[in-house]
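Peer 1: Structure, please.
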Amino acid sequence: MIRNIVLFLFVIFLSHCSNGNISNNCDVNSDSFLNSLLLRFAVNDRSYLCGYKVRIPACSLGYEETHLPENWVQVKQEVETQFALGSSGPETLTNYNGNTVASVVGTASTVFQGALSAPNGNVYLLPYNSPKIVAIDPKTKTYDLAVTVPGAVDFIGGTLGPNGIIYLSPHTNNSFFKFDTTNKTLTNIASISMGGAAYNGGVFAPNGKIYYVPSGESTIRYYDTKKGTIGSVTTPVSGGIFANGVLTPEGKIYFIPHTATNIHILDTFTETVTTIPFSFGGASNYISGIYTPNGRIYIIPYNAATVYYVDTKDNDNIVNAGTIPSASTAMFNGVVLAPNGKLYPIPLNYANFISIDSNTSQIKVLMPNPSVNSYRGGAIGQNGEIYLSPHSANRFDLLDTKSIGSFCDSVRLSPYWNKF
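Peer 2: Purely as a prediction, here's the structure:
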């Protein structure tokens, strides 16, 4: 909102400082040109003005628009502007709510997997074995038992779609559910006979579809939010389980291999599937991925020691980005991009929190992980803090990244980064 007000005042200032020439509507110094430009910003008109492409600033877009390819230029600019502000000091880990997880949902073992921010300002902890979806209010640090969910490990992860609706990814459940964060209702949208451990998370694509990441299923299924129907991609994936999906500005989803060996790429405009020949070795070596504004997809290890990134600007070349210090097994689950330009892999059984610089790939060891089998996923808050999704950590924690900048709501909720 502050950025929008500044933009408005800036355009008004230009209008009043112009020479008052109204003889040429395409004279960039004329009142008529500036007034036309201001009007187009006000009504989100993106048509050309006198040969100039009108780009709506990233923070004036709806989050549902930030992943459209035509908006990437301004989204990238906004994110890199925040990156440039850096950090105010070393990161800290904070127990932000004194209640134990067990006292809130009745169990402390393998409770949640994944977290998503929503337009209402809340962060939603998504269920693994939890009987509830739990909403966290970042302003008050209080919780709300948003809705009861069926079964155990029915879902793994979810995807924020249009209008504040979270689409849960079926894992052991044969039904697809959506959770409306505005009225706290859970709705069954479709039921299909599927194999066990069907999907892990999903991705909201520019075409309005939620694509579910294949796990036990090889079929890439989607929910079309415009038509309200379930469908599937003709070409399946192969080779094993995929743990995560990463969206790029070209409308492509990169499926991160877990027991599979190769990255599979879904072009959401053509719904064709290709693979990257490089082998990640299977064997649960990798677990998560995240896109950075410089065109890289960082691949986060689970059992492997090496961090890689895919250079999407260089024919998907795979680059060795460094080694995890004192690597072990079942190290991380999830990764979050912060406004200071660093990536924060979420520790599961790794002994420490770490950061990865998205520009230099420098890996830095931070504070100790306070538990084992601790967290799976997290979501970025309005001030650059990461709300961790407790798996077996019997506590509610956040990682303060000490980012000086912050992501406005449209960027913070963007399908590029607000995901499992």
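Peer 1: How far off centre is stretch 347-356?
Peer 2: Put simply, stretch 347-356 sits 19 Å off its chain's centre (Cα atoms, centre = their mean, to the nearest Å).
Peer 1: Equivalent analysis for stretch 84-98, please.
Peer 2: 20 Å.
Peer 1: buried residues in that stretch?
Peer 2: Of all the residues in stretch 84-98, those buried under the rule 16 or more other Cβ atoms under 10 Å are Ser87, Glu91, Leu93, Tyr96, Asn97. Bear in mind the C-beta positions are built from the backbone N, C-alpha and C, glycine included.
Peer 1: got it, and stretch 361-381?
Peer 2: Buried, per 16+ other Cβ under 10 Å, within stretch 361-381: 361, 363, 366, 369, 371, 374-381.
Peer 1: Show me where the stretch 151-300 of the chain has its strands.
Peer 2: Taking DSSP state E, counting those that start in this stretch as the test, the strands found in the stretch 151-300 of the chain are 155-160, 165-170, 175-180, 185-191, 199-204, 209-214, 221-224, 229-232, 242-247, 252-257, 264-267, 272-275, 286-291, 296-301.
Peer 1: residue ranges with poor pLDDT in the stretch 51-200 of the chain?
Peer 2: 51-53 (pLDDT under 70).
Peer 1: which residues of it fall in helices?
Peer 2: When assigned using DSSP state H, counting those that start in this stretch, the helices of the stretch 51-200 of the chain occupy the ranges 72-83, 101-105.
Peer 1: Name the strands paired with whatever helix or strand Ile346 lives in and say parallel or antiparallel.
Peer 2: Taking DSSP states H and E as the criterion, Ile346 maps to strand 342-347. Sheet pairing of strand 342-347 (DSSP bridges) gives strand 332-337 (antiparallel), strand 352-357 (antiparallel).
Peer 1: which of these sits most buried?
Peer 2: The highest mean neighbour count among those, using mean count of other Cβ atoms under 10 Å, belongs to strand 332-337: a mean of 26.
Peer 1: Other residues contacting that strand?
Peer 2: Counting contacts by Cβ atoms under 8 Å, 6 or more residues apart in numbering, the residues outside strand 332-337 that touch it are 113-114, 287-290, 292, 298, 300-302, 343-348, 350, 358, 375-380, 386, 389, 391, 417, 420.
Peer 1: in stretch 56-68, what counts as buried?
Peer 2: Those would be Ile56, Pro57, Ala58, Cys59, Ser60, Leu61, Tyr63, Glu64, Glu65, Thr66, His67, for stretch 56-68 by 16+ other Cβ under 10 Å.
Peer 1: Verify the contact between the second one and Thr81 for me.
Peer 2: No. Under the contact definition of Cβ atoms under 8 Å, Pro57 does not touch Thr81, with a separation of 10.7 Å.
Peer 1: need the strands of the stretch 151-300 of the chain in JSON lines with distance to Pro325, can you?
Peer 2: Shown next, in JSON lines, are the strands of the stretch 151-300 of the chain (distance: least, Cβ to Cβ, whole Å):
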{"stretch": "strand 155-160", "distance to Pro325": "28"}
{"stretch": "strand 165-170", "distance to Pro325": "32"}
{"stretch": "strand 175-180", "distance to Pro325": "38"}
{"stretch": "strand 185-191", "distance to Pro325": "42"}
{"stretch": "strand 199-204", "distance to Pro325": "27"}
{"stretch": "strand 209-214", "distance to Pro325": "29"}
{"stretch": "strand 221-224", "distance to Pro325": "39"}
{"stretch": "strand 229-232", "distance to Pro325": "42"}
{"stretch": "strand 242-247", "distance to Pro325": "22"}
{"stretch": "strand 252-257", "distance to Pro325": "22"}
{"stretch": "strand 264-267", "distance to Pro325": "30"}
{"stretch": "strand 272-275", "distance to Pro325": "31"}
{"stretch": "strand 286-291", "distance to Pro325": "18"}
{"stretch": "strand 296-301", "distance to Pro325": "12"}
